[in-house]
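Chemist: Here you go, sequence then predicted model.
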Amino acid sequence: MSRSINVALIGNPNTGKTSLFNRLTGLNQKVGNYPGITVEKKEGLCKLDRGLKAHILDLPGTYSLNTSSLDESVVVETLLNKNSKDFPDVAVVISDIENLKRNLLLFTQIKDLEIPAILVINMADRMQRKAITLDIELMEKELNTRVVLVSARKNQGINALKEAISQYKTLKTEPCVNSSVIDPEYFSRLSKVYPNQQLYKLWLVITQDVNFGKVDRGRDYEKLKSSNFSVKSEEDLKKLQHKETVVRYQFINGLLKKVLHVDTVHAKDLRSKLDRILLHKVWGYLIFFFVLLLIFQAIYDWSEYPMDWIDQAFASLSQITAESLPDGPFTSLIAEGIIPGLGGIVIFIPQIAFLFLFIALLEESGYMSRVVFLMDHIMKKFGLSGKSVVPLISGTACAIPAVMATRNIEDWKERLITILVVPFTTCSARLPVYLIIIALVIPDQDIWWFFDLKALTLMLLYLLGFAAAIVSAWVLNKILPIKRKSFFVMEMPAYKLPMFKNVLITVIEKTKSFVLGAGKIIMAISIVLWILASYGVGDKFNNAESIVKEQYAGQDVEDKIIEQKIASHKLEHSFIGYIGKAIEPAVRPLGYDWKIGIAIVSSFAAREVFVGTLATIYSVENIKDEDKMNETIKNRMRAEVNPILGGPLFTFASGISLILFYAFAMQCMSTLAIVKRETNSWKWPAIQFTAMTIIAYFAALGAFQILK
Amino acid sequence: MEKTIAHLKRGEIAIIKSFSETDVPLKLLEMGCLPGNLVTMMQSAPFQDPIYLNINGTHLAIRRETARKINVDPYV
């Protein structure tokens, strides 16, 4: 029988933790969430020798155990809670050879919790180039632990690490820094009150609230809080934390003086050369602009081909299903409800994958931090932080991870504003709406030699999203009565060539979770819509056939057209028809008919539902017409006629109006839920929803009335 | 007037002496910004803010307003 042990992978950001995790687990990993919170939980399995299996938990990157964010507090929670099923048998602390000093701060803290810990020094392949020598043996002795040199990038030292993990029982657990020296009297009092508790653990529990205090830490913690022991003021505790950091660095400096030698004369540096160009006051911004342009070109142009195939494939799948299964409500549910709805989500995959690919490349290479650095000053003027750039860019994929990515913004006001404006950025759920409408109303034309007018329109829409976000940030900064501390600290990591495997795994994981998450909502809505569109009450619905036949009696009309008219008549008098007619007065000034009205209303669950909804409505309408069955949704929309004005429904005016509505409206329940969670109140999502919807309605109204 | 990190010129090295405010964020200390450590001014962003430092081997960016709170001694 195989035994399994828990291994926690811990380390500073930018130490190659993810690369090491990928090396240890391969594709044998899964990503989920910690219960009750939105922090990503990455786990994987790794086979060790002698039938031993390691269950590896990749904890969020943190600089220390003094938490100041939700991500960091997950690390502390895991290490403090001995009863949790995730509590590690051994902690693998990863550091990087060039930042050893800073990385060791976290290591000494973990060691002081008396958890068996292995120190991994990554990027060992850079030692020679950087002219670094390290006395491993002495280091192991001084730190009382195992030290393993690896290069996750070059796949070196991984077996030695696995070996060290499987011998975890031989690891010593003595602490290396005595933290009680920062206030001996206080600590001795503490140990008298809690004789059975480990002192450093108590200290961590007491101080967690100083910088951060939103997460439930279990019964032990509540007991400690209610015992009223914490007689020190927050101010004093903060001072002690500063003192503790100084004590730890004294220990680390002493250690590194003995074991680490750097021959600076022989060290070569790529960083300063690249920084000179990428952070240049002209070239820096120009390069950033071209990087953005490239991303949009990829999303629009390159992903068009796979998207066309997917569109066609689903249309024919629908047709084949309808033809090969026996007639009946079940078949129509599949052919008219589920398959078109599913197609509406699968078609996103190429674009989402491209977006995540570029974001992963920017993050992995170290370029993203340079963008933050370049943009901070400008963003600050609008009440944002340079770090808001990352959420705003990843908001182009999806607002949900973007809202979560605001966690590393130190200042609460800057963070709140970022959260509130991020949903304006053009997320991938808006893309299919934009793409299909651009295809309908913007002419095919090349501008310059490379970009076509449609791609340029799309780029403009992205810029519009950013502009809306920035302008509303500026307004919020003026009206929100919160004091800004204007505090900003960011590590500038070394430049790295992105690792293909890391990027690939990120793209696959993110795309998968997006499609599955959104897919569930879309499926549910598609089924509900199909039911509403296929059933109705009253004479007009039940006797549709005789009513229409009567209308055309005596006229020379093809059977086919009559059947289509019957289907339209039925749809108009189905449940959904009545709902649509009820809201039509509200959307008519914007240039829409009741079918688009339905699509907009269902889009408030999630924007990506729009295309799926129209697909469902139109296919219910056209199902009897076999020639039309395999037509793509685009062609069906083109054929729609404006009920009042006559002529095509999708004109330049109504198209632009629809695009603007989607650009500004807050149509995503999941984002609202995340905003509620991150701001800890319903107040902010409610304000966000109301304000965005009002802006959207009037922008669309204005556009249609001016352009028509 | 006390010399602070904000006064450093590009490429200039100094020794961190003290903080002029007690409310310096812990994160800064954890990143190695402690009295006694060396600080090198790498470069300023366009518009002079934020600034890019090498403190104790760690490369980090902070805003000028924070830099003004960190006093330094000249390094010889």
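Modeler: Done, it's in.

Chemist: now the helices: where do they sit in the stretch 551-700 of chain A?
Modeler: A:559-572, A:575-587, A:594-603, A:609-622, A:626-629, A:633-639, A:652-664, A:669-679, A:683-707 (DSSP state H, counting those that start in this stretch).

Chemist: tell me the phi and psi of the residue of chain A found nearest chain B?
Modeler: Minimum separation of chain A from chain B (Cβ to the nearest Cβ) falls at A:Lys281, amounting to 3.7 Å. From N, CA and C alone the C-beta is placed, and that goes for glycine too. Phi and psi for A:Lys281, reported as degrees, to the nearest 10, are phi -70, psi -20.

Chemist: In chain B, what residue comes closest to chain A?
Modeler: Counting by Cβ to the nearest Cβ, chain B gets nearest chain A through B:Pro46, at 3.7 Å.

Chemist: Excluding covalently adjacent residues, which one is nearest to that residue?
Modeler: Distances taken as Cβ to Cβ, 6 or more residues apart in numbering or on different chains place A:Lys281 nearest to B:Pro46, at 3.7 Å, with adjacent residues excluded.

Chemist: Pull the number of nearby residues for that neighbour.
Modeler: Using other Cβ atoms under 10 Å in any protein chain shown, A:Lys281 has 11 other residues around it.

Chemist: Residues of chain B that sit close to chain A?
Modeler: B:22, B:24-32, B:34-35, B:42-43, B:45-50, B:52, B:56-63, B:65-66 (Cβ under 8 Å from any Cβ of the partner chain).

Chemist: Could you tell me which of those residues are located in strands?
Modeler: B:42-43, B:52, B:58-62 (DSSP state E).

Chemist: now for the residues you listed, which pair is the farthest apart?
Modeler: B:Gln43 and B:Thr58 (15.7 Å; Cβ to Cβ).

Chemist: neighbour count winner among these two?
Modeler: B:Thr58 (21 against 17).

Chemist: isn't the more buried one right next to A:Asn99, touching?
Modeler: Yes. The criterion here is Cβ atoms under 8 Å, and B:Thr58 meets it with A:Asn99 at 5.9 Å.

Chemist: quick one: least confident helix or strand in chain B?
Modeler: helix B:26-30 (a mean of 85; mean pLDDT, DSSP states H and E).

Chemist: name the helices or strands packed onto that one?
Modeler: helix A:234-259 (3 or more Cβ pairs under 8 Å, 6 or more residues apart in numbering or on different chains; DSSP states H and E).

Chemist: wait, does the helix or strand just after the helix it packs on contact chain B?
Modeler: Counting by DSSP states H and E, the element after helix A:234-259 in chain order, helix or strand, is strand A:260-262. No. In terms of Cβ under 8 Å from any Cβ, no part of strand A:260-262 sits within range of chain B; the closest distance is 8.7 Å.

Chemist: Need the contact partners of strand A:260-262.
Modeler: A:100, A:130-135 (Cβ atoms under 8 Å, 6 or more residues apart in numbering or on different chains).

Chemist: please redo it, this time with the cut-off set to 7 Å
Modeler: A:100, A:131-134 (Cβ atoms under 7 Å, 6 or more residues apart in numbering or on different chains).

Chemist: try stretch A:527-547
Modeler: Applying Cβ under 7 Å, 6+ apart, the set of residues contacting stretch A:527-547 is A:332-333, A:336-338, A:566, A:569-571, A:573-576, A:602, A:613, A:616-617, A:620.

Chemist: Going by neighbour count, which residues of that stretch are buried?
Modeler: A:529-530, A:532-534, A:536, A:541, A:544, A:547 (16 or more other Cβ atoms under 10 Å in any protein chain shown).

Chemist: Need these in TSV (columns: pLDDT and secondary structure).
Modeler: Formatted as TSV, the buried residues of stretch A:527-547 follow (pLDDT from 0 to 100; DSSP: H, G, I helix; E, B strand; the rest coil):
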residue	pLDDT	secondary structure
A:Leu529	76	helix
A:Trp530	78	helix
A:Leu532	83	helix
A:Ala533	78	helix
A:Ser534	80	helix
A:Gly536	81	coil
A:Phe541	79	helix
A:Ala544	76	helix
A:Ile547	80	helix
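
Chemist: by how many degrees do the helix or strand containing A:Leu504 and helix A:669-679 diverge?
Modeler: A:Leu504 belongs to helix A:500-534 when assigned by DSSP H and E. In terms of direction (axes from the mean of the first three to the mean of the last three Cα atoms, to 10 degrees), helix A:500-534 departs from helix A:669-679 by 120 degrees.

Chemist: residues of helix A:500-534 that come out buried?
Modeler: A:502-503, A:505-507, A:509-511, A:513-515, A:518-519, A:521-523, A:525-526, A:529-530, A:532-534.

Chemist: Then stretch A:398-410?
Modeler: A:398-410.

Chemist: what's the first-to-last distance across that stretch?
Modeler: Taking Cα to Cα, to the nearest Å, the first and last residues of stretch A:398-410 lie 22 Å apart.

Chemist: which stretch of helix or strand covers A:Ile118?
Modeler: strand A:117-122.

Chemist: Show me what that strand is packed up against.
Modeler: strand A:90-96, helix A:100-112, strand A:146-149, helix A:158-166 (3 or more Cβ pairs under 7 Å, 6 or more residues apart in numbering or on different chains; DSSP states H and E).

Chemist: What lies in contact with the following helix or strand past that strand?
Modeler: Downstream of strand A:117-122, the next assigned helix or strand under DSSP H and E is strand A:132-134. With contact meaning Cβ under 7 Å, 6+ apart, strand A:132-134 is reached by A:97, A:259-262.
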